[in-house]
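>>> generate coordinates for the sequence data below:
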Amino acid sequence: MGDEVPLAGLVSLLVVLLMLSAFFSGSETALMSLNRYQLRHKAREGHRGARLAEKLLKRPDRVIGLILLGNNLANFSSASLVAVIAFKIGGQPAVALGTLLLTIIVLVFSEAAPKTLAALHPERLAFPAALIYYPLLKITYPIVWLTNVCANGVLFLFGVRSSHTELQSLTREELRTVVHEAGSRISSRYRTMLLSILDLEKVTVDDIMVPHNEIVGVDLDDDDDAIEKIISGSQHSLLPVFKDNIDNIVGLLHLRTLANLAKTDLNKSTLQSLLIEPYFVPEGTPLSTQLIQFQRRRERIALVVDEYGDIQGIVTLEDILEEIVGEFTTDPADEDDDVVVEGADSFLVDATANIRELNRSQDWELPTEGPKTLNGLIVELLETIPKPGTCLSVNGYPIEIVEADDNRVRMVRVGQRENQAIVPG
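Predicted structure coming up:
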């Protein structure tokens, strides 16, 4: 062969074989580095290379067998060809040097460089390669099949069973990571909404309900004027109606039913005839479950009860939606009720404020496991009701008790988190 083919032809053939080796090495890494979810998305959009790549990766053992067959054929042929070229140029001593040079060239130009490029830009190499591999696999199928049978037989002896690879479902935490890593592809607002939806299973109705002592409703023991004042000043379309206290609830009043009612006809008897049956849910119900229940029952408000049937609070459909999209209302008076800014690194906070709402509005990271209010958190940590002037640190936030009585902490001063830089306001 060396005497019949000119040296230039042998060198040209060697270059072609090295390029083939680089193609097989790079395309293997590219195919295995593809993001399966992006691949499926492109395939559904009709991208031909993506469709073929997805079909190939359903049986990775076959495509790997094809790639290894081509890669080894190219490398072994290159080694034989180098031996011929080296012997023709310098005789027997040049063969060893040629083998060494070939090893370096294959390592750099046919392995490391193409595989690095493929890892950085997998789609750029994988999709064109799929257009070649798909028909080539059909042509060489008998050889690839025999190779896979032998390889799978060896794996079987070691207890490894081959199976079809399907796109595995992501767990909630893995999906959170995907959303986090989306970066600029998803706006920060939409990213926050998606993460809030994923967190609905971790948040319960107890975390967002209006607590028992803050429920506003109609007390049938009040006089007509007081009842009329509560109804006219209500910001909600549904009001609980009770006798003496919320635990003795009679029903729910939909204010829309009062639209066509004359003012003179508004009395306790009329109200009771318009009441609808209250809807009760157990405490600890995840928001994801409660949202579905609201949808199925066509309800908008539910009373949260404990294991003894005592009412703990009220949760509404609006409360759950606000957990996803943020606050609907933008009344400045509502926003400033719980937090008063004293300076760039100091805030006066109502201790009855809900911790989750504080974290959301102030971008804090106070612990949400356990007590729902700041007062409850402080009392749990100190195991007593502290006196004014008492200081403590909660998750890095310095807290000073400003007002307290015999029953609870009323007002605290929260400072800048100790492990964060102070940003001028």
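>>> contacts only, for Glu357.
Residues counted as contacts of Glu357 (CB atoms under 8 Å, 6 or more residues apart in numbering) are Asp338. Placement of C-beta: from N, CA and C, glycine included.
>>> state the number of residues packed around Leu39.
Counted with other CB atoms under 10 Å, residues neighbouring Leu39 total 23.
>>> looking at this, it is in a helix?
Yes: membership of Leu39 in a helix is supported by DSSP: H, G, I helix; E, B strand; the rest coil.
>>> list the contacts of it.
Contacts of Leu39 by CB under 8 Å, 6+ apart are 50, 53-54, 57.
>>> tell me the SS of Gly309?
Look at Gly309: counting by three-state DSSP, its state is coil.
>>> nearest spatial neighbour of Tyr222, skipping sequence neighbours?
Tyr isn't right for residue 222; it's Asp. Excluding the flanking residues, the one nearest Asp222 by CB to CB, 6 or more residues apart in numbering is Ile230, at 7.8 Å.
>>> you'd agree the one you found is up against Val218?
Yes: between Ile230 and Val218 there is a contact at 5.7 Å, judged by CB atoms under 8 Å.
>>> overlap of the contact sets of those two?
Common neighbours of Ile230 and Val218 (CB under 8 Å, 6+ apart) are Leu239.
>>> thinking again about what came up before, measure the residue nearest to Asp222 to Leu239 for me?
7 Å (CB to CB, to the nearest Å).
>>> any residues in contact with both of those two?
With CB under 8 Å, 6+ apart, Ile230 and Leu239 have common neighbours 216-218.
>>> out of these, who's the most crowded?
Going by other CB under 10 Å, Val218 tops the shared contacts of Ile230 and Leu239 with 24 neighbours.
>>> relative to Leu73, how far out is it?
Val218 is 86 Å from Leu73, where distance means CB to CB.
>>> before we move on, what about Trp145?
Trp145 is 17 Å from Leu73, by CB to CB.
>>> likewise Leu253?
83 Å.
>>> more crowded one of these two?
Counted by other CB under 10 Å, Leu253 and Leu73 do not tie: Leu253 has more neighbours, with 23 against 14.
>>> count of neighbours near the residue lying closest to Asp244 once chain neighbours are set aside?
Excluding the flanking residues, the one nearest Asp244 by CB to CB, 6+ apart is Asp221, at 5.5 Å. Using other CB under 10 Å, Asp221 is surrounded by 13 other residues.
>>> hmm, Lys243 and Asp221 touching each other?
Yes: counting by CB under 8 Å, Asp221 does reach Lys243; the two are 5.8 Å apart.
>>> longest helix of this structure?
When the chain is scanned for its longest helix (criterion: DSSP state H), the result is helix 60-90.
>>> ok, and for that helix, which residues are buried?
The neighbour-count check on helix 60-90 (16 or more other CB atoms under 10 Å) flags 61-67, 69-71, 74-75, 77-79, 81-86, 88 as buried.
>>> residue closest to the middle of the chain?
Arg176 (1.7 Å; CA atoms, centre = their mean).
>>> contact partners for it?
195, 198.
>>> that one and Asp221: what is the separation?
For Arg176, the distance to Asp221 - CB to CB - is 49 Å.
>>> and Ala113, by the same measure?
According to CB to CB, Ala113 and Asp221 sit 85 Å apart.
>>> greatest separation within the contacts of Leu39: which pair is it?
Farthest pair in the contacts of Leu39 (CB to CB) is Ala50 and Leu57. Separation: 10.5 Å.
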